[in-house]
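**Student:** Pasted the sequence and its predicted model underneath.
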Amino acid sequence: MVKGNTRQVVVVKSPDPKLFEQAIFLLREDALEKYGVSERELLEEARRVASGYVTDHTPRKKRRSLPPLVWTAVGAAPFCAAWLLTLLL
């Protein structure tokens, strides 16, 4: 069903197309007159919001850590060295 109202929209292309292709913002009818916002400011705000969404919802890269076996060897190495020194002396 199509309603007879027309709306102004701002379409912003995604800075990272992995999540979405574009964001569509529906403008309030009185946004430009009531709040004194220029079209350029409106577009910049829409881009900022879309970019913020991408940064907030993109998984961060995990820092690679050493496998547990390596940490075990690193922890055991000083004890093995001390044991060998006492054995040899």
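**Tutor:** Nice, thanks for sending it over. Numbers count the residues shown, from 1 in each chain.
**Student:** CA atoms for contacts and neighbours, from now on please.
**Tutor:** Noted.
**Student:** Can you name the residues in contact with the biggest helix by length in the chain?
**Tutor:** In the chain, taking DSSP state H as the definition, the longest helix is helix 68-88. By Cα atoms under 8 Å, 6 or more residues apart in numbering, no surrounding residue is in contact with helix 68-88.
**Student:** any low-confidence regions in the protein?
**Tutor:** For the chain, the stretches flagged by pLDDT under 70 are 1-6, 15-16, 57-59, 62-63.
**Student:** Strands of the protein, residue ranges please.
**Tutor:** 9-13, 22-26 (DSSP state E).
**Student:** contacting residues around the first one?
**Tutor:** With contact meaning Cα under 8 Å, 6+ apart, strand 9-13 is reached by 21-27, 43, 46-47, 50.
**Student:** for stretch 31-46, same thing?
**Tutor:** 10, 12, 25.
**Student:** got a winner among those residues for most neighbours?
**Tutor:** Neighbour counts for the contacts of stretch 31-46, by other Cα atoms under 10 Å, peak at residue 12, which reaches 19 neighbours.
**Student:** gap between the residue most central in space within the chain and residue 49?
**Tutor:** What sits nearest the mean C-alpha location of the chain, by Cα atoms, centre = their mean, is residue 55, with 2.6 Å. From residue 55 across to residue 49, the span is 10 Å (Cα to Cα, to the nearest Å).
**Student:** All set, thanks.
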